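Peer 1: take a look and give me a structure for this.
(chains A and B)
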Amino acid sequence: MLNTITIRRTVLGGIAALTLAVTAPVAQADHIKTGADLRVAVNLLLAEHVNLAAAATGWAMMGLNKNFEAAAGGLDANTVDLANAIGLVYGDGAKEAFLPLWRKHIGFFVDYTMATIKQDKAGREKAVANLMDYARDFGAFLNSANPNLPADAVEALVKEHAVTVAAMVDAQANQDWPKAYELQRKAAAHMQMISDALAGAIVAQFPERFGG
Amino acid sequence: MTTTRRSFLAFLAALPAGTFAGRARACAGVVHASAKVHEVDIRTFQFQPSPLTIAPGDTVRWTNRDGIEHSATAVETGSGGKPQFDTGLFGRGESREVTFTESGHHDYFCTRHPSMKGTVVVEG
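Peer 2: Numbering: from 1, shown residues only, chains lettered A, B, ... in the order given. Below you'll find the model as predicted:
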């Protein structure tokens, strides 16, 4: 049994590493030259964000710290890729502003996951409140960078993201894996609403640069 | 510094942030005659420009261009553990000012978004 589990863990780790190896070069900012490139890259990065977050919270639920840390590392690499994409469009200052802002919401998801593991109701509620507050910040950030993105619309999308991922974490905690994967797919698909809006707004803002 | 001035500064320090709409308290020091006002925009969660070099007695005016509240709050604390200056949170289109009279580097941040950092360098 132990060997079976070890092999299973190794295989899953290998799949995760392969996924990263395949997706990372596609998502790199220097590949983004046209509006289509931008849309593909942002869609890929945001879907990857959900899938790596799901891996991290799932491993955390199972108490497999090394796997959790590896998934969290992949998640942060995804964050850096997203920041590079923001930097490509809005410059290094925006990139540096985006990084801690994005990492902040990941931290709130970690808080939610840890509170769920500890069955800490108050901790879960605080994490959700922080995520809702964060949604307003993120809406303001994107609206400031690109007035084509209404702050309240972005805020609503980020809130929905938070609620869906939190529900997925709950399913993982209950070891209801079919539901967890259903919600993970739902959360990943929802990101397309954000990424399509983001890519479209950037192309509208810089048609001469990404209009191709 | 006279007792009266100390008392006045202590009184100012005790006032809540935003008591003077648009003008926060000044740092103590020497004020030069030709004081200027320097503009800092807060946009996309950044203080621009930063670092900003000014002369003693000059004023920095922060204007918030983001759709969320920000502050410019000194990292260094003074007596009583209060920040050396604090504009308090202010919203889009609003401005706050601080006059700097002490030479040196004055690092500041936004209390709502602590990753937002800026520096005012007072030289002269």
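Peer 1: would you mind measuring the gap between the ends of stretch B:98-117?
Peer 2: Distance across stretch B:98-117, first residue to last, is 16 Å (Cα to Cα, to the nearest Å).
Peer 1: A:Ala187 and chain B, how far apart?
Peer 2: As judged by Cβ to the nearest Cβ, to the nearest Å, A:Ala187 and chain B stand 25 Å apart. All C-beta atoms are positioned from the backbone trio N, CA, C, and that covers glycine.
Peer 1: for the one helix or strand that residue maps to, what is the average pLDDT?
Peer 2: Using DSSP states H and E, A:Ala187 sits within helix A:177-205. Across helix A:177-205, pLDDT averages out at 95.
Peer 1: and it, how far from the chain's centre?
Peer 2: 9 Å (Cα atoms, centre = their mean, to the nearest Å).
Peer 1: list the buried ones in that helix?
Peer 2: A:180, A:183-184, A:187-188, A:190-191, A:194-195, A:197-203, A:205 (16 or more other Cβ atoms under 10 Å in any protein chain shown).
Peer 1: equivalent analysis for stretch A:99-113, please.
Peer 2: Quick answer for stretch A:99-113 (16+ other Cβ under 10 Å): A:99-102, A:104-106, A:108-113.
Peer 1: just stretch A:68-78 next, same as before
Peer 2: A:68, A:70-72, A:74-76, A:78.
Peer 1: what residues does chain A have near chain B?
Peer 2: The interface of chain A toward chain B, taken as Cβ under 8 Å from any Cβ of the partner chain, is made up of A:90, A:93-94, A:96-97, A:100-101, A:104, A:136-137, A:139-141, A:143-145, A:151.
Peer 1: hey, where'd the strands end up in chain B?
Peer 2: Under the criterion DSSP state E, strands of chain B are mapped to B:37-43, B:46-48, B:52-54, B:59-64, B:73-74, B:95-99, B:104-109, B:117-122.
Peer 1: and the residue nearest the centre of chain B?
Peer 2: B:Val98 (4.0 Å; Cα atoms, centre = their mean).
Peer 1: ugh, typo on my part, it should be chain A
Peer 2: A:His49 (2.9 Å).
Peer 1: quick revisit: please list the members of the residues of chain A next to chain B that lie in helices.
Peer 2: A:90, A:93-94, A:96-97, A:100-101, A:104, A:136-137, A:139-141, A:143-145, A:151 (DSSP state H).
Peer 1: where are the low-confidence patches of chain A?
Peer 2: A:1-30, A:212 (pLDDT under 70).
Peer 1: if you set the cut-off to 90 instead, what comes out?
Peer 2: Counting by pLDDT under 90, chain A has low-confidence residues at A:1-34, A:210-212.
Peer 1: same question, chain B
Peer 2: Using pLDDT under 90, chain B drops low at B:1-35, B:78-80, B:124.
Peer 1: residues of it that sit close to chain A?
Peer 2: Going by Cβ under 8 Å from any Cβ, the residues of chain B near chain A are B:43-46, B:48, B:65-68, B:112-113, B:115-116.
Peer 1: residue contacts, the nearest residue to A:Arg39 once chain neighbours are set aside?
Peer 2: Spatial nearest neighbour of A:Arg39, excluding adjacent residues (Cβ to Cβ, 6 or more residues apart in numbering or on different chains): A:Ala199 at 3.9 Å. Each residue near A:Ala199 by Cβ atoms under 8 Å, 6 or more residues apart in numbering or on different chains is listed here: A:35, A:38-39, A:42-43.
Peer 1: ok, A:Leu101 touching B:His113?
Peer 2: Yes: using Cβ atoms under 8 Å, A:Leu101 is in contact with B:His113, at 7.4 Å.
Peer 1: identify the contacts common to those two.
Peer 2: A:137, B:45.
Peer 1: good, we can wrap up now.
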